[in-house]
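Enquirer: Sequence first, predicted model second:
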There are 2 protein chains.
Amino acid sequence: MPAKLMPIKTAKKSVAVQERVDESSISKLTPEALSLMADFFKVLSEVSRLQIVCSLKASAKNVTEIIEETQLGQANVSKHLKMLTQAGVVAREQRGVCVYYRIANPFLFELCDLVFDALTMQAEQQSQQLQQLSQLRQNR
Amino acid sequence: MPAKLMPIKTAKKSVAVQERVDESSISKLTPEALSLMADFFKVLSEVSRLQIVCSLKASAKNVTEIIEETQLGQANVSKHLKMLTQAGVVAREQRGVCVYYRIANPFLFELCDLVFDALTMQAEQQSQQLQQLSQLRQNR
DNA sequence: TCATTATATTACCACACGGTAGTACAATCC
DNA sequence: GGATTGTACTACCGTGTGGTAATATAATGA
């Protein structure tokens, strides 16, 4: 039974006890905890997997539908879905002959939107800086 | 000049125009945009780099200090710092002989805390489900 | 000048991983 | 039974990348 996680707003509830961390802090995490985080990020660090995740945003889909939407190879999609499932990012559900996958935790979309916005702003700032630079060069 | 990005709360301001996306949505991103996101996640998908990022949470540090704190090899740290710098995650600043690095965008910590909380809750739920399962087995 | 310190770079190895062809397997249909 | 469909798995190849030793470079100090 795939478990729904709570939305971000209420997520701070009970953090694993981490001998006196200054409240939700990355600074003193053990290498093991960092390894878990790294694994999570690794799952999201491939375009194909992000494509699959995106294709599941609107609704749950079976493998064939995912293949059609992403234009990825069948074995490839199957492999990625296995990884996404093991990571708890998507949930698997057999319906008759087909196997449907869905996002296990809507938190993922908030996260991706956040990252996308940050990257967008970063890109904007960089282009602004380039503009300022070229203006400086012209005014010289 | 490393640019500070805005905190999460106000980050939604100006998203790159993406022909009628339903407001901050991953669902219809181009493969190119997904590729940028994947690259960002890939930077954070290695324990060593997360260790370096963590070591910079308290304050900016030079390479030698980072090496001491993380216990990583010098060439290794240098390589990772280059990658982190190119990704815009950390900023480089030469002070005399030493080179100091600092987190370029505090947004990163909010992101990592969010992910850590989510992973923690996920782990908690899984252990709860295991408990329930073993109880079911006993009551049988 | 020579040694030392701080950082970066290169070359190399080992390994992980993405993609794919081929195969397996179950269910359904003819 | 035989063919087809939907999904998973295995084997394999090529590439990317983390770690490290060795080297480079620049600055500082003896």
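Expert: Perfect, thanks for sending it.

Enquirer: my guess is A:Asn76 meets A:Ser48, correct?
Expert: Yes - checked against CB atoms under 8 Å, the pair A:Asn76 and A:Ser48 is within contact range at 6.7 Å. The way it works is simple: take the backbone N, C-alpha and C, and place the C-beta from them, glycine included.

Enquirer: Please say which of those two ends up with more neighbours.
Expert: Legend: neighbour count by other CB atoms under 10 Å in any protein chain shown for A:Asn76 and A:Ser48, higher for A:Ser48 (17 against 13).

Enquirer: my read: that one touches A:Ser78, true?
Expert: No - applying CB under 8 Å, one finds A:Ser48 not in contact with A:Ser78, separated by 11.7 Å.

Enquirer: helix, strand or coil for A:Tyr45?
Expert: Careful, residue A:45 is Ser and not Tyr. State at A:Ser45, reduced to three classes by DSSP: H, G, I helix; E, B strand; the rest coil: coil.

Enquirer: That one and DNA strand C: what is the separation?
Expert: 7 Å (CB to the nearest atom of the strand, to the nearest Å).

Enquirer: do the lengthiest helix in chain A and chain B meet?
Expert: In chain A, assigned by DSSP state H, the helix with the most residues is helix A:107-138. Yes - using CB under 8 Å from any CB of the partner chain, we find that helix A:107-138 touches chain B at A:107, A:109, A:111-126, A:129.

Enquirer: Name the residues of chain A found near DNA strand D, please.
Expert: A:62-64, A:74-75, A:78-79, A:81-82, A:92, A:97-100 (CB under 7 Å from any atom of the strand).

Enquirer: and which of these is nearest A:Lys28?
Expert: A:Lys82 (33.6 Å; CB to CB).

Enquirer: mind checking the SS state of the closest one?
Expert: Counting by three-state DSSP, the backbone at A:Lys82 sits in helix.

Enquirer: ok, now how distant is it from B:Ser127?
Expert: In this view, A:Lys82 and B:Ser127 are 23 Å apart by CB to CB, to the nearest Å.

Enquirer: before we move on, what about A:Val47?
Expert: 33 Å.

Enquirer: out of those two, which sits in the more crowded spot?
Expert: Using other CB under 10 Å, the more surrounded residue of A:Val47 and B:Ser127 is A:Val47, with 18 against 10.

Enquirer: wait, isn't the more buried one in contact with B:Leu34?
Expert: Yes - using CB under 8 Å, A:Val47 is in contact with B:Leu34, at 5.2 Å.

Enquirer: And the lowest-mean-pLDDT helix or strand in chain A, how far out from the chain middle?
Expert: Lowest by mean pLDDT, DSSP states H and E among the helices and strands of chain A is helix A:107-138, with a mean of 85. Offset of helix A:107-138 from its chain centre (CA atoms, centre = their mean, to the nearest Å): 20 Å.
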